[in-house]
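Here is a sequence with its predicted model. Questions after.
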Amino acid sequence: MPTDPTKAAPIATPSAQVQSLVSFLEHEAQPMIVLDPDYNILAANGAYRRQFGGTGKPFIGQKCYRVSHHYDLPCDQAGEHCPMKKAQELRGPDRVLHIHHTPRGPEHVDVELRPIFDEHGAINAYVERLSTVRSASAQPSGDGLVGRSPAFNQALAALQRVAPSMLPVLLLGESGTGKELFARAVHATSARAGGPLVVVDCSGLSETLFESELFGHEKGAFTGAAVRKPGLVDTAQDGTIFLDEIGDVPLAMQVKLLRLIETGTYRRVGGVETLHANFRLVAATHKPLAEMVARGEFRQDLYYRINAFPIRLPPLRERADDIALLANSFLARPSAMRTVSIDADALAQLQRRPWPGNIRELRNVLERASLFADDGVIRVAHLPPAPAQPAPAAPAGSAVPVHFDGTRSELAAHLGISERTLYRRLKQQGEF
């Protein structure tokens, strides 16, 4: 069992087995480190030194949680998933998505940790493989996915799991939660990243128009079809099709869509030739598809086919910790006519809002407010009136109760924040 992680302890000399392992890992392309059961970093390969060791600070002999997270305690005691603790319990590998401090600032890192056993079956070391996630940013960014809250990280971790496969992905979430950005990230992280990503907006398309847009049509197939037109399925060959708002696909068209997904074959409107498709499917909807199936509004067989790997995208009200990051990202976009910032009081008010329109609504509010910020600073007076209902999450920087009878996880739930955020605020107030 690990000793008290908060106290300094002599680091054992690596065994011959561990030294051989270190020599082997030196030739691996991915960053890897070797840890002892007391969280001490025993060794790191060249890829790790190049990617994560460029700050000039020593890391050999340091606690992994201090180097990666700047924590004084192991991850599980700071409100996070600790892969070492889990790997110890499972006596097998564990994988988790964390935010690590790197020479480039905070980054999402996919961490896989495997125990190394001695001849008696005891764990004498762990090998940790680290892979930086390129599809999202934990810092302000002008494009792509941005976030670092637990709810966002959970969705991002699911994306990292499924993206390399060919499973259909179903993105579920309210309007404005960034479903198209997630779809683009799935495509960019997949083996088909070099192929096209074709976006199909299923809302507002009639049955005839949907079939023609998706499958294409032959010359003379209908009035106005003067030439043969390839469909979006043709365009998506060797790439990804993103069916946005798939819940709006006309019921009569769903059987043809199911055939396309199951067999990979289709025919153009007015055509007799069977064509073969080769694409990865990502679909999205804000509608309750399961309820629609029960009401006969959505085919059950199609629902089960597209629901192979559902990912729930959290609404913004569950991502209060991300609002400052998102706001700074929007305000720093190259398209902005001038540099605009936001003061603390205005930011605190944004963090208290329920955001029924989610990220899209936040962007619109900031764009409007920036037009009134003559001196380049958005203040409370520049924001539109806030909705009357209270927000479920406490604003960043707010104090925690002085007295609370319960566990730290219960206190975090009481405040409407993550346990990790609670740990950080308690540390700032000198409670650790």
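Happy to help now that I have it.

what ranges of the stretch 301-432 of the chain fall below the confidence cut-off?
For the stretch 301-432 of the chain, applying pLDDT under 70 flags the ranges 334-337, 387-432.

Which parts of it are strands?
For the stretch 301-432 of the chain, strands defined by DSSP state E, counting those that start in this stretch occupy the ranges 309-312, 341-342, 377-378.

Redo these as TSV? Include distance to Val133 and mean neighbour count.
C-betas here are computed from N, CA, C, even on glycine. Converted to TSV, those look like this (distance: least, C-beta to C-beta, whole Å; neighbours: other C-beta atoms under 10 Å):
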stretch	distance to Val133	mean neighbour count
strand 309-312	15	17
strand 341-342	27	20
strand 377-378	30	19
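
With distance to Leu325 as added columns, please give those strands in CSV.
CSV is the format used below for those (distance: least, C-beta to C-beta, whole Å):
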stretch, distance to Leu325
strand 309-312, 20
strand 341-342, 12
strand 377-378, 16
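
So which residues of the stretch 251-400 of the chain form helices?
Assigned by DSSP state H, counting those that start in this stretch, the helices in the stretch 251-400 of the chain fall at 251-263, 289-294, 300-306, 323-331, 344-352, 358-372.

what's the offset of the third one from the middle of its chain?
Average the C-alpha atoms of helix 300-306, do the same for its chain, and the two points are 25 Å apart (C-alpha atoms, centre = their mean, to the nearest Å).

Tell me the helices and strands packed up against it.
Where contact means 3 or more C-beta pairs under 8 Å, 6 or more residues apart in numbering; DSSP states H and E, helix 300-306 is packed against helix 251-263, helix 289-294.

hey, least reliable of those by pLDDT?
Here the lowest mean pLDDT among the helices and strands packed on helix 300-306 goes to helix 251-263, at a mean of 92.

Any buried residues in that one, and which?
253-254, 256-258, 260-261 (16 or more other C-beta atoms under 10 Å).

Stretch 114-131 too?
115, 124-131.

Sitting in strands, which of these do you find?
Taking DSSP state E as the definition of strands, those contribute 115, 124-131.

farthest pair in these?
Largest separation among those by C-beta to C-beta: Asn124 and Ser131, giving 24.7 Å.

returning to what we had before: which of the helices and strands packed on helix 300-306 sits closest to Tyr303?
Closest to Tyr303 of these is helix 289-294 (C-beta to C-beta; 5.1 Å).

so which strand or helix has Ala225?
Assigned by DSSP states H and E, Ala225 belongs to no helix or strand.

so what's the closest residue to it other than its chain neighbours up against?
Using C-beta to C-beta, 6 or more residues apart in numbering and skipping the chain neighbours, the partner closest in space to Ala225 is His217 (5.3 Å). His217 sits next to 225, 228-229, 231, 268-271 when contact means C-beta atoms under 8 Å, 6 or more residues apart in numbering.

which among these end up buried?
229, 231, 268-269, 271.

With pLDDT and distance to Glu245 added, can I get these in TSV?
TSV is the format used below for the buried ones among the contacts of His217 (pLDDT from 0 to 100; distance: C-beta to C-beta, whole Å):
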residue	pLDDT	distance to Glu245
Lys229	85	23
Gly231	88	18
Arg268	88	24
Val269	86	22
Gly271	84	27
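
and which of those residues is nearest to Tyr65?
For the buried ones among the contacts of His217, the nearest to Tyr65 is Gly231 (52.2 Å; C-beta to C-beta).

what does stretch 157-174 rub up against?
96-97, 110, 133, 135, 179, 182-183, 185-186, 189-191, 246, 261, 280-286, 305-315, 356, 358.

the strands in the stretch 1-150 of the chain, which residues?
Going by DSSP E, counting those that start in this stretch, the stretch 1-150 of the chain shows strands at 32-35, 41-44, 94-102, 105-117, 123-132, 136-137, 145-146.

could you give the angle of the fifth one to strand 105-117?
Counting by axes from the mean of the first three to the mean of the last three C-alpha atoms, to 10 degrees, strand 123-132 points 150 degrees away from the direction of strand 105-117.

Tell me which strands strand 123-132 pairs with, and in which orientation.
Note on strand 123-132: by DSSP bridges, its sheet partners are strand 32-35 (antiparallel), strand 105-117 (antiparallel).

Can you tell me which of these is most buried?
Across the strands paired with strand 123-132, averaging neighbours per residue (mean count of other C-beta atoms under 10 Å) puts strand 32-35 on top, at a mean of 22.

CA atoms only for it, dumped as CSV, please.
The C-alpha coordinates for strand 32-35 follow below in CSV (Å, rounded to 0.1, in the frame of the first residue of the first chain):
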residue,chain,number,x,y,z
MET,A,32,6.0,7.5,-20.9
ILE,A,33,7.1,7.5,-17.2
VAL,A,34,7.8,4.9,-14.6
LEU,A,35,6.3,5.4,-11.1
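
rounded to a whole number, what's the mean pLDDT of it?
94.

which outside residues touch that strand?
14, 18, 21-22, 25, 41-45, 47-48, 64, 84, 113, 125-130.

again, 6 Å this time
Taking contacts as C-beta atoms under 6 Å, 6 or more residues apart in numbering, the residues outside strand 32-35 that touch it are 22, 25, 41-45, 48, 64, 125-129.

Now find how far off-centre it is within its chain.
The answer for strand 32-35 is 25 Å, by C-alpha atoms, centre = their mean.
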